[in-house]
Structures are given as structure tokens and as C-alpha cells.
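# let me see the structure of the following:
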Amino acid sequence: MPLHEHLQALLPSLRRYARSLTGKQREGDQLVEDLLNQLLEDKLDLSHTASSRPAFYKALGDLVDVQIEASDILPEYLRLANTTDRRALLLTSVENFSDEEVAEALDIETDSVQDRVRNATEELLSSLATTAMVIEDEPFIAYDLATTLRGLGHTVPATANTHAQAVALAKMHKPSLILADLRLADESSGLEAVEEIQEFCNAQVVFITAYPEQLLTGDKPEPAFLIPKPFKTKTVTAVVCQALLMHQMAR
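Next up, the predicted model:
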């Protein structure tokens, strides 16, 4: 596949990863734009890489590192969220990289990848337990997500399957974390429900959708954290931990 076609296919995933590194849509998309400009200006050399996919992800990480090193005013949580161990967790759990690809993207030894993933998971889980809510119209998925969150140490007092129910339960429980589907049981919008909840509740939100590319276009305000359906427990763990880290440190 020609390089430009490969890059086009990777753009939604690169946007997702960039937003995970920065915690925000605008900053994440700006990273991807900077990456594209480097490629257009022939400043990104991929000739020495075994695969262009890890190389693109490494380039995004390098751009973040440059910003961190060049600025004394960047939020401290960006530094904490961009350790090699936490990037290894994101790449394996969210981007489905092999250990070899992670090693290439992070410039580390392949044998160290799983140890780094375990270290990041244990460190994050020990400090991020909070109250969470699930907004999901499929009962089995809602149960699965709530069970996963409880397994991570979070309290999940309620799940909701409609806009109205979600708002009412959020007012009652004041969650710090929300996992939300986009389309709910009564054809209402999970996105609109979350927007209303955030008017009175400062919660970090992770959206769950079978079509994440629809929320990674850059055309309008979009969520920073996404979990694609069907999801794996390790993906929920990685995204939730990264999202909560960003949220708690920002506060």
C-alpha cells in the first residue's frame, strides 16, 4: 500500500492516540496536523523503519515530548500521562499493537513491553478509584462495563439507558467518571445527555461507540476519549485510567 494511502487509513486511530496523549480534542488534532506537515515537508524519514504504523505513532509521541521539553507552563499532568509505561499501555490495549510494534514506536526493548504495561496498570489503578456511571441501552453491555469498572476499584451506583434517566441519576450520585453510548434506548442522544450532566457535574467522560471514526473527523467538538465496540476489558482499563489521570490532575 502506498504511504499516503496507509496514512489515510490510520488517521482515525492516530487522532484517537493523539487525544489520549493530550487529553483534549484540539491539542490532539493539532499534533496530527503537525505530523502531516512534517510528512509533506519531507521532514519525517520513514526509510529506516520496518513498518510505517509504529513510525507514525512514534512521531506523534516525539512531537509531544518536544512540547513538554520546550515549555515550562504545560500542565504537569501531561508529563505524568506521557511516561513510556503509560504509552505502552495505550498502544497495546487501545491500538492493538504487538510487543514488537510497541518497542519500535517507543524505542524500547521488546522484552520490556509487558512489564511496562503491568507497571502502568498497577500504578494507575492504585490511585484513581472513584464514583462512576454507565449510560448504555444494551443491558448486557451495561452490565459488562459496570462489572469491569467495579473490578478496577470504582463504585458504580447506577446505570442508565435513556437521556432523562441518565440526568436524574447523575444529579443523585454526582459521578466523577461516565461511560456513555451515543444512541440510547428511546432514540435519545448519549452525547446530549452528557452535555446536560456536565452543566452541573464535573465528570470525565469516555464515549463508547461502534463507529469511532464518526467522532474523529475534526469537523466539530468531539470527545477526547473513545472506546470502540466491540471492546475488550484491557481497552476499557487503559482508556479509563488515562482519562481519569488527565481529569484528576487537571482539577
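
# all the strands of the stretch 101-250 of the chain, in order from the start?
Using DSSP state E, counting those that start in this stretch, the strands of the stretch 101-250 of the chain run over 131-135, 155-160, 177-181, 204-209, 226-228.

# so where's the chain shaky on pLDDT?
The model of the chain has pLDDT under 70 over residues 1-4, 45-51, 71-77, 80, 126-127, 212-222, 249-251.

# how many neighbouring residues does residue 42 have?
Residues lying near residue 42 (other C-beta atoms under 10 Å) number 7. C-beta coordinates here come from the backbone N, C-alpha and C atoms, glycine included.

# I figured residue 125 hits residue 241, correct?
Yes: contact criterion C-beta atoms under 8 Å: residue 125 and residue 241 qualify, at 6.9 Å.

# returning to that earlier point: nearest approach to residue 81 belongs to which of the strands of the stretch 101-250 of the chain?
Set against residue 81 and scored by C-beta to C-beta, the strands of the stretch 101-250 of the chain come closest in strand 204-209, at 12.7 Å.

# flag every buried residue along the helix or strand where residue 100 lies.
Applying DSSP states H and E as the criterion places residue 100 in helix 99-106. Across helix 99-106, burial judged by 16 or more other C-beta atoms under 10 Å covers 99, 101, 102, 103, 104, 105, 106.

# circling back to that earlier point, now distance to residue 63 too, for the strands of the stretch 101-250 of the chain, in JSON lines please.
Listed next are the strands of the stretch 101-250 of the chain as JSON lines, based on distance: least, C-beta to C-beta, whole Å:
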{"stretch": "strand 131-135", "distance to residue 63": "32"}
{"stretch": "strand 155-160", "distance to residue 63": "36"}
{"stretch": "strand 177-181", "distance to residue 63": "28"}
{"stretch": "strand 204-209", "distance to residue 63": "24"}
{"stretch": "strand 226-228", "distance to residue 63": "21"}
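
# may I see those strands organised as TSV, with distance to residue 54 and mean neighbour count added?
Below are the strands of the stretch 101-250 of the chain laid out as TSV (distance: least, C-beta to C-beta, whole Å; neighbours: other C-beta atoms under 10 Å):
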stretch	distance to residue 54	mean neighbour count
strand 131-135	33	26
strand 155-160	36	19
strand 177-181	29	25
strand 204-209	25	22
strand 226-228	20	22
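
# between those, which one is closest to residue 52.
Closest of the strands of the stretch 101-250 of the chain to residue 52 is strand 226-228, at 21.7 Å (criterion: C-beta to C-beta).

# could you give the separation of that closest one from the chain centroid?
Centre-to-centre, strand 226-228 and its host chain are 7 Å apart (C-alpha atoms, centre = their mean, to the nearest Å).

# need the contact partners of the helix holding residue 100.
Helix 99-106 is contacted by residues 49-51, 53-55, 57-58, 61, 84, 87-88, 91-92, 97, 108-110, 112-114 when judged by C-beta atoms under 8 Å, 6 or more residues apart in numbering.

# mind doing that once more with 6 Å?
54, 57, 58, 84, 87, 88, 91, 92, 110, 113 (C-beta atoms under 6 Å, 6 or more residues apart in numbering).

# now those residues in CSV, with neighbour count and secondary structure?
Shown next, in CSV, are the contacts of helix 99-106 (neighbours: other C-beta atoms under 10 Å; DSSP: H, G, I helix; E, B strand; the rest coil):
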residue, neighbour count, secondary structure
54, 22, helix
57, 27, helix
58, 17, helix
84, 17, helix
87, 26, helix
88, 27, helix
91, 26, helix
92, 22, helix
110, 13, helix
113, 24, helix
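
# alright, calling it a day.
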